[in-house]
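J.: Sequence first, then the predicted structure, then my questions.
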Amino acid sequence: MTTPLAGIAVLDFGQIYQGPYATMLMAKAGANVIKIEPPGGEPLRRRVIAQGGDTTLPMAMLNANKRAVTLNLKSDRGRDLLKQMVAKADVLLENFAPGAMDRLGVGYAALQPLNPRLIYATGTGYGISGPDRDNLAMDFTIQAQSGIMSVTGDPEGPPTKAGPTLVDFMGGIHLYGAVMTALFHRTQTGLGQLVEVAMQETIYPTLASSYDYFFRTGKTPPRAGNRQAGLSSAPYNTFGTKDGHVAIHVVTEQHWQNLLKAMAREDLKDDPRFLTNPARTENMTETEAMVTHWTSGQTKAEVAATLKRLKVPAAPVRFAQEVMNDAHMHERGMLQRVQHPSLGEVILPNSPLRLHGADRVDPVPSPRLGEHNAAVYGEWLGLDTAAVEGLARDGVI
């Protein structure tokens, strides 16, 4: 099997979403990822669990293709075991609060001398320096701090969070990129390095449209509902249909002409109110009313099919169960049905990174807590079964 990260060993202290997503991408690229948890398990295992199961679906989604061990870093023996493993590792990744690993004596400064080739990756809310370093940070609170909530929601409504766990996953994506960049740097220098990602900093560029609104008008960017955040494109909204909604985004003037054709309103093709995007933006309410009049008499599938045929960017607003059974993503192998030992049949995501010419790694169900203690500590540290059992009795693993 040809996988780009074959031979790369990763010690994964990731928890919840941010860290585990970064290391899942590494595992899917062929890395040997060892998920290391405290004896009680990481927090994602302990969220609301489906009846009859012993783990959560997010845990299964983000920790496929990894091996799991337990390790108590609050014990001297546990820290000693980690230091022995670090000597053989390529990457250590964690997304604890800033300084947590340092306070335990196993931060980058302590581990780098043991393995100068080690890439130590840390993901935090605000970074490992600066006045806000020690602010408690969760996806929800970073959405507030970063400005996401101020521009999300209806114009007359309250600030609203984005539905998905946007910030955690933006952090995870950037952590993956940081590690890959450091691995490339190591091929040139032979040396590892400390890399960090602050979730707040990953969000700033995503609000470009809102900043543009402020730059153009000098006014606080509004909550625009489903309109374009900078109110600089029209039509750009969700439009009601007989059975739901469809999202339509006209980008080019050809798209607009095609939409007029779909709506049988080609009589408006030279109307100065709608002739250009600035004109349609100036007449946004009237533009949207015209589109709504057309969509409201059809199903979302009918609208989407017509606009697909006429090459207008559009899509039906789908629900979770529709997306999980998306035939396109299943056909491409992005989504796969897997029999999980705890949860039964689940639909797991593959890596969205497609490296043509490399083998694609099929999902392997996420491991149980400490499932690979004996195997990993045997391989990495030469411990026999009796020694591993002794560590478990002593609360070290």
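T.: Now that the structure is in, tell me what you want to look at.
J.: can we go C-alpha only for contacts and neighbour counts from here?
T.: OK.
J.: Need the per-residue pLDDT for S233.
T.: Looking at S233, its pLDDT reads 96.
J.: What is the subsequent helix or strand relative to the longest helix seen in the chain?
T.: Ranked by residue count under DSSP state H, the longest helix found in the chain is helix 166-189. Downstream of helix 166-189, the first helix or strand assigned by DSSP states H and E is strand 194-198.
J.: average pLDDT across that next one?
T.: Confidence for strand 194-198, expressed as mean pLDDT, is 98.
J.: Could you look up the next helix or strand downstream of that strand?
T.: Reading on from strand 194-198 to the C-terminus, the next helix or strand found by DSSP H and E is helix 199-203.
J.: In the helix or strand just after that next one, which of the residues would be classed as buried?
T.: Note on helix 199-203: by DSSP H and E, the next helix or strand toward the C-terminus is helix 208-217. Residues of helix 208-217 classed as buried by neighbour count (16 or more other Cα atoms under 10 Å): S209, S210, Y211, D212, Y213.
J.: Turn those into a markdown table, columns for pLDDT and distance to E37.
T.: A markdown table is the format used below for the buried residues of helix 208-217 (pLDDT from 0 to 100; distance: Cα to Cα, whole Å):
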| residue | pLDDT | distance to E37 |
| --- | --- | --- |
| S209 | 94 | 40 |
| S210 | 95 | 40 |
| Y211 | 96 | 41 |
| D212 | 95 | 43 |
| Y213 | 95 | 45 |
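J.: out of those, which one sits closest to E266?
T.: Nearest to E266 among the buried residues of helix 208-217: S209, at 30.5 Å, using Cα to Cα.
J.: In this model A229 seems to touch the closest one, though I could be wrong.
T.: Yes. With contacts counted by Cα atoms under 8 Å, S209 reaches A229, the gap being 5.7 Å.
J.: Buried residues, the longest helix of the chain. List them.
T.: Neighbour-count burial for helix 166-189 [16+ other Cα under 10 Å]: 166-176, 178-179, 182-183, 186.
J.: Nearest to M284 among the residues you listed?
T.: L166 (28.7 Å).
J.: residue contacts, the residue nearest to the closest one when sequence neighbours are not counted?
T.: The shortest distance from L166 to any non-neighbouring residue, by Cα to Cα, 6 or more residues apart in numbering, is to D139 (7.2 Å). By Cα atoms under 8 Å, 6 or more residues apart in numbering, D139 lies in contact with T165, L166, V167, D168.
J.: Same check on L369?
T.: Taking Cα under 8 Å, 6+ apart, we find L369 in contact with E37, G41, A68, V69, T70.
J.: in what helix or strand does it lie?
T.: Assigned by DSSP H and E, L369 belongs to no helix or strand.
J.: Just read off the phi/psi values of L11.
T.: When quoted as degrees, to the nearest 10, the phi and psi of L11 stand at phi -100, psi 110.
J.: Counting neighbours, what do you get for I148?
T.: Per other Cα atoms under 10 Å, the neighbour tally for I148 reads 24.
J.: and it, how far is that from M85?
T.: Distance of I148 to M85, computed by Cα to Cα, to the nearest Å: 40 Å.
J.: nearest residue to T124 other than its sequence neighbours?
T.: That would be A198: by Cα to Cα, 6+ apart, it lies 5.0 Å from T124.
J.: er, A89 I mean
T.: For A89, ignoring the flanking residues on the chain, the nearest one in space by Cα to Cα, 6+ apart is A9 at 5.2 Å.
J.: Was I right to think P235 contacts T252?
T.: No. Applying Cα under 8 Å, one finds P235 not in contact with T252, separated by 10.7 Å.
J.: Contacts for the helix or strand encompassing A289, please.
T.: In this structure, A289 sits in helix 284-295 according to DSSP H and E. Contact with helix 284-295 is made by A234, P235, N237, F239, G240, T241, M263, F274, R280, V303, as judged by Cα under 8 Å, 6+ apart.
J.: ok, now stretch 201-209?
T.: For stretch 201-209, using Cα under 8 Å, 6+ apart, the contacting residues are Y126, S146, G147, I148, V167, M170, G171, H174, Q228, A229, G230.
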